[in-house]
Structure formats: C-alpha cells, structure tokens
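Asker: All I have is the shape, not the residue letters:
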C-alpha cells in the first residue's frame, strides 16, 4: 500500500507566508510517522492513511485560528498502482474492509460521531474517486449514504459533496470516506477543499 | 454527456474580494455557453468540455495580472453517470476518440503547441482520474506520455504531474489531457491547481 496527500494552504491575506509558517508547527507531532516534502505548489505527506486527516485537521485549525479566510486544498490517494508499496503507509487502525457496504456505513457514522470537537467551524467540499473497479458508482453511492448521516452533510453539488460543521467532525467524516469506501487494496483518490472564515459563508 | 467544473480562485491578499470580482469579468464572453452558479466555496461552470479550459485560463490570467500570488483550484468532470445528459455540454470541436492512443497523443501535442501565448507564467499540478474502466492506468500512462512532450512538463510528483510555462500552453495542455484520454463517453475527472506569482517559485 502507498498512501498520502499533496496539501496546500491558502490564507487570503498579504501576510500569507507568516500564517502558513505559523500553522506548519501543528504538523510536528506527525513528523515521525510521515515523509514530508514541500515545493512552491504543495506539501507532500506520505504515511499511514488513517493519520492523514488528523494531520490536515491540526494544520488547518492552526491556520484558521488566525481569523483569516483560509482554504486547505488536498489531493489524497491510497493504493495507486503506479506507486511502490511503502511500510511507512501501514494503517495504524483496522480498515474494516472485510465488512459489507451496509456495515461499513454504520461503522463510518460511529467513527465520525466520536470525533473530538475543535471549536472551529468549516465548510468543505470533496469528490471521492474509487478507480479501476467495475463498481465504482456503488461505492460512491454507499459513501453518499454515509455522508447524509454523518451529522455534517450540507448538500450534494455537481461533481462533489458539501459538508459544514466543526472541523473535528468534518475531517473525521472525510477520513471515513477515504478509509472505508472503495476496494481495500484498490486505488482511491479524494479531491478536497476546506474553507474557514469566508466573508460569503451562508 | 454532462461536463463542467467547480472552480475556486484564491488570491493571497487582504484585498482578495476585489481581485476575484475584477477577474470574474473575464468570464463574460463565456456566459452564453455555460450555466454558472456561485456559493462560498466554488463557482460551477456547466457547458461544453472544450470551452472549460479557455474560460478558466482567461479568469486566472485576469486575476494573476494583479501581480498578487493567486491559485486557481478546480474539479473538472465529464461523463459522470450520476449526472443527466445536458445539450449545453455538447462539445464544439471534434473529440477524436475514434483514434488509437498513439494518434491521440500526437494530436494532443499538436493542439497544445498551437495554443495562443498569454505572457503570464504559471505553475500547475493535476491528477487525471479515468473512472469505471478496467484500463484506467493505460489511459493515465498515455496521458503522461503526452505531457512529457507537451513543452510545459515540469516533473512527475506523487499523485500528480507538475507543469510550468505560459498560461496559454499550460491550460491548453490540461484541456488536451481532459478531452483526449479516458473513454469517449466515460467518466473522467481532473483535480487541478494553477499558481502564479508565488514568492517561493523555483
């Protein structure tokens, strides 16, 4: 298995460099578990799939705490056949992929409900891409069933689903969508945007 | 066929609202061809697949012309089986999907080379997701072959490919990747980020 994310943080302020540098400290606890590389477009995290969303949550909550309108955009992937297996990507928790779709939905709801709150309200939208399978729409519809019961479902949009709520629950919900749907060793990618402090938020 | 994009523009300045509002005027010539809807996270464009990238190019070049560090992020999709067919999404040009992979690569190279220059240098990275097919990696590798010969290839990264060059050629290359690879009526999605005026650009 190979898993990780290309993540970018966009603070809408003249002082964006300082906001980003201040927020990056929130990744410190995760450094031992991940390989981390940065260039001018994004930061690569390679490591356990079930630690990716806690790391992104802590980074984003640190940036949003500045009060600035911030967006985190990430391309998250597991099981890409073009990438080598890497022991650093071994999941810490149980994947539960031996369960049928209905039970995975129930398990995902329970995990999302148990997420710690952060006090930071966010809006998010994302697309789930289970690749290389003949049943990709079944897994997408199963995931949408879960999302509607996640407690942070906002609405379906063209090409994506929108969430709104506490960052703790929203990132936990994204993590469940990533971990529990699509084939266990299959190629699954997520395209996510998370926004805080938007002046145009509904 | 249903095709469109959810696009977001992130100007890294206190004055981001003005930069966005000024740039949106660049979409005016495209309004007759598209359905356009905006919320606090993104703007939806639904319309002909071969007009999506010219519209995004003109929007982004208008925003980047302010000199501010700007990023455009977009989720682009065609052929999603969960969306209804829509006559507004009829391609204006020829799709060329009747050609074998090798000829589509040659055609994509020719189209990208013929793109008008804008004078705006950008960096971009993107992931191509051909969904629901047993041969998704063949189409991805074919697309990568094209990208390496596109004139704006920068490098392969984990989970994505990075481009650099004039916005005219970069958006044309992204458009070719979207239009020519993956099954003709298949579900193809792109996750793209385009960046200009970054203080950390190599």
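Answerer: Perfect, thanks for sending it. For clarity, every value in this text was computed on a predicted model and none was experimentally measured.
Asker: what number of residues lie near residue A:188?
Answerer: By other CB atoms under 10 Å in any protein chain shown, 29 other residues sit near residue A:188. For the C-beta atoms, the positions are set from N, CA and C on the backbone; glycine is no exception.
Asker: Quick check: it is in a strand.
Answerer: Yes. Counting by DSSP: H, G, I helix; E, B strand; the rest coil, residue A:188 is part of a strand.
Asker: was I right about it contacting residue A:131?
Answerer: Yes. Taking contact to mean CB atoms under 8 Å, the distance of 7.0 Å between residue A:188 and residue A:131 places them in contact.
Asker: show me what contacts the closest residue to residue A:65 other than its chain neighbours?
Answerer: For residue A:65, the nearest residue in space outside its immediate sequence neighbours is residue A:120; the separation is 7.0 Å by CB to CB, 6 or more residues apart in numbering or on different chains. By CB atoms under 8 Å, 6 or more residues apart in numbering or on different chains, residue A:120 lies in contact with A:60, A:61, A:64, A:65, A:166, A:167, A:196.
Asker: Of the residues you listed, which is the most crowded?
Answerer: Neighbours here mean other CB under 10 Å. Within the contacts of residue A:120, the largest count is held by residue A:60, at 28 neighbours.
Asker: quick one: it and residue B:19, what's the gap?
Answerer: With the distance defined as CB to CB, to the nearest Å, residue A:60 ends up 23 Å from residue B:19.
Asker: now swap in residue A:188 and tell me
Answerer: Counting by CB to CB, the gap from residue A:188 to residue B:19 is 35 Å.
Asker: go on, residue A:10?
Answerer: Between residue A:10 and residue B:19 the distance is 13 Å, computed by CB to CB.
Asker: So between the two, which is more surrounded?
Answerer: Neighbour tally, residue A:10 and residue B:19, criterion other CB under 10 Å: the higher count belongs to residue A:10, 29 against 23.
Asker: would the more buried one count as being in a strand?
Answerer: Yes. Note on residue A:10: a strand contains this position according to three-state DSSP.
Asker: give me every residue that touches residue A:189.
Answerer: For residue A:189, the set of contacting residues under the criterion of CB under 8 Å, 6+ apart consists of A:75, A:76, A:77, A:80, A:128, A:129, A:131, B:127, B:129, B:159, B:191.
Asker: Quick check: the last one touching residue B:127?
Answerer: Yes. With the criterion set as CB under 8 Å, residue B:191 and residue B:127 qualify as a contacting pair; they are 4.7 Å apart.
Asker: Overlap of the contact sets of the two?
Answerer: A:75, A:189, A:191, B:160.
Asker: The third one is in contact with residue B:75, isn't it?
Answerer: What that stands for is residue A:191. Yes. Residue A:191 is within contact range of residue B:75, at 5.3 Å (criterion: CB under 8 Å).
Asker: what do the two both touch?
Answerer: Common neighbours of residue A:191 and residue B:75 (CB under 8 Å, 6+ apart) are A:127, A:160, B:189, B:191.
Asker: on that earlier part again, just want to know which of residue B:191 and residue B:127 has more residues nearby.
Answerer: Between residue B:191 and residue B:127, counted using other CB under 10 Å, the more crowded position is residue B:191 (26 against 21).
Asker: Checking the closest residue in space to that one that isn't next to it in sequence next. Helix, strand or coil?
Answerer: Here the nearest residue to residue B:191 in space, its sequence neighbours aside, is residue A:191; by CB to CB, 6+ apart that works out to 4.0 Å. With three-state DSSP as the basis, the three-state label of residue A:191 is strand.
Asker: mind listing what residue A:191 touches?
Answerer: Residue A:191 sits in contact with A:74, A:75, A:126, A:127, A:129, A:160, B:75, B:127, B:189, B:191, where contact means CB under 8 Å, 6+ apart.
Asker: and it, how far is that from residue A:166?
Answerer: According to CB to CB, residue A:191 stands 22 Å off from residue A:166.
Asker: try residue A:58
Answerer: The separation that residue A:58 has from residue A:166, given CB to CB, amounts to 14 Å.
Asker: just residue A:84 next, same as before
Answerer: Using CB to CB, one gets 37 Å for the distance from residue A:84 to residue A:166.
Asker: what stretches of chain A score poorly on pLDDT?
Answerer: Counting by pLDDT under 70, the ranges of chain A that qualify are A:92, A:94-97, A:133-136, A:201-202.
Asker: let's see it at 80
Answerer: Segments of chain A classed as low confidence (criterion: pLDDT under 80) are A:1, A:80-98, A:132-137, A:183-185, A:201-202.
Asker: okay but residue A:122 is in contact with residue A:169, surely?
Answerer: No. Checked against CB under 8 Å, the pair residue A:122 and residue A:169 is beyond contact range at 9.5 Å.
Asker: Please identify which of these two sits among more neighbours.
Answerer: When residue A:122 and residue A:169 are compared on other CB under 10 Å, the one with more neighbours turns out to be residue A:122, at 28 against 23.
Asker: who's in contact with that one?
Answerer: A:60, A:64, A:164, A:165, A:166, A:167, A:170, A:194, A:195, A:196.
Asker: Quick check: beta-bridge partners of it?
Answerer: According to DSSP bridges, the residues that bridge with residue A:122 are residue A:165.
Asker: go on, residue A:7?
Answerer: With DSSP bridges as the criterion, the beta-bridge partners of residue A:7 are residue A:43, residue A:74.
Asker: ok, how many other residues are close to it?
Answerer: A count of neighbours around residue A:7, defined by other CB under 10 Å, yields 23.
Asker: quick one, strands of chain A?
Answerer: For chain A, strands defined by DSSP state E occupy the ranges A:3-11, A:35-38, A:43-46, A:70-78, A:121-131, A:153-157, A:160-166, A:187-196.
Asker: Kindly reformat those strands as a markdown table containing distance to residue B:140.
Answerer: Formatted as a markdown table, the entries for the strands of chain A read as follows, by distance: least, CB to CB, whole Å:
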| stretch | distance to residue B:140 |
| --- | --- |
| strand A:3-11 | 16 |
| strand A:35-38 | 22 |
| strand A:43-46 | 19 |
| strand A:70-78 | 12 |
| strand A:121-131 | 9 |
| strand A:153-157 | 26 |
| strand A:160-166 | 21 |
| strand A:187-196 | 10 |
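Asker: which stretch among these comes nearest residue A:177?
Answerer: strand A:121-131 (5.6 Å; CB to CB).
Asker: Compute the inter-axis angle for the closest one and strand A:70-78.
Answerer: For strand A:121-131 against strand A:70-78, the angle by axes from the mean of the first three to the mean of the last three CA atoms, to 10 degrees is 20 degrees.
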